[in-house]
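Q: I need the structure of the sequence given here:
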Amino acid sequence: MTDISPGRMEILALDRTKLAAERTLMAWLRTALSMLSFGFAIYKFFQVLQDQTSKAVVDPEAPRHLALFLVGIGTAALLAACVQHVKYVRSLSTADHRYSPWDLAFIVSCSVVLLGLLAFASISLRAGPLG
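A: The predicted structure follows:
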């Protein structure tokens, strides 16, 4: 067995903890993407269904409201996860070893938050490619 200094062992433990934080953020990303895509799919499916049918619908706005709810919850949850990730990764930094929250999972999560905000605005305003 190789002899690793106590300082090096601490850095390796912090590295494992940072990687665990990245995996947690990726799990939130998967959950948010599921909510966003499910909300969008519901909205578009019922929009096409209402266009093709001549029957009266009890509440024609219900699919839109459900889609807004799912897209909003998914976006808000991912935004909260991004904020939590940044705070946690910064708390791991020591004077000798700094960690940056700008990893690939964080960048992709921020991009999906922006996409979620655009989707929410598009559905709520009925404008753009999603409206």
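
Q: now name the helix or strand holding the residue nearest to the spatial centre of the chain.
A: The chain has Leu78 as the residue nearest its centroid, 3.3 Å off, counting by CA atoms, centre = their mean. For Leu78, the host element (DSSP states H and E) is helix 62-92.

Q: now do whichever helix or strand comes after that helix: which elements does it pack against?
A: Counting by DSSP H and E, the next helix or strand C-terminal to helix 62-92 is helix 104-125. Packing contacts for helix 104-125, counted by 3 or more CB pairs under 8 Å, 6 or more residues apart in numbering; DSSP states H and E, involve helix 6-52, helix 62-92. Where you see a C-beta, it was placed from the backbone N, CA and C, and this is true even at glycine.

Q: let me know which of those helices is tucked in deepest.
A: helix 62-92 (a mean of 18; mean count of other CB atoms under 10 Å).

Q: helices and strands around it, which ones?
A: Going by 3+ CB pairs under 8 Å, 6+ apart, helix 62-92 lies up against helix 6-52, helix 104-125.

Q: could you figure out how far the last one is turned away from helix 62-92?
A: Read that as helix 104-125. Put simply, helix 104-125 runs at 150 degrees to helix 62-92, going by axes from the mean of the first three to the mean of the last three CA atoms, to 10 degrees.
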